[in-house]
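Novice: heads up, no residue letters with this:
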């Protein structure tokens, strides 16, 4: 797993950080936004018998986090192939 040149290595790291910060921002919005900031508005909606704001605070953000792990894995595999550092 070696990069062709230093420019590719820097571009790879930049793309990696971009993916990481985007996914962390999504998780922050779901966990903090839906679980704390917008909880009163979301509690007007019921989801499987629970108030939606409560559900996001207790379980929804965890489900989103697990889904984001798989999204990150897929994006990183694509990024690895783009820069020729995939594990084949």
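Specialist: Happy to help now that I have it. This one's a predicted model, so the numbers in the text were calculated from it and none came from an experiment.
Novice: that's a helix at residue 86, yeah?
Specialist: No - the assignment for residue 86, made by DSSP: H, G, I helix; E, B strand; the rest coil, is coil rather than a helix.
Novice: And the nearest residue to it once chain neighbours are set aside, how close does it get to residue 13?
Specialist: Counting by CB to CB, 6 or more residues apart in numbering, residue 80 is the residue found nearest to residue 86 once chain neighbours are left out, at 4.0 Å. C-betas here are computed from N, CA, C, even on glycine. Using CB to CB, to the nearest Å, one obtains 13 Å as the distance from residue 80 to residue 13.
Novice: So those two - more neighbours on which side?
Specialist: residue 80 (16 against 11; other CB atoms under 10 Å).
Novice: in the helix or strand that one falls within, what's buried?
Specialist: Element membership of residue 80, judged by DSSP states H and E, is helix 61-83. Neighbour-count burial for helix 61-83, with 16 or more other CB atoms under 10 Å as criterion, is recorded at 61, 64, 68, 72, 75, 79, 80, 83.
Novice: ok, of these, which one's closest to residue 6?
Specialist: residue 83 (12.3 Å; CB to CB).
Novice: So what's the residue count around the residue nearest to that closest one when sequence neighbours are not counted?
Specialist: Excluding the flanking residues, the one nearest residue 83 by CB to CB, 6+ apart is residue 12, at 4.8 Å. Residue 12 is flanked by 17 other residues according to other CB under 10 Å.
Novice: Please apply the same query to residue 48.
Specialist: 7.
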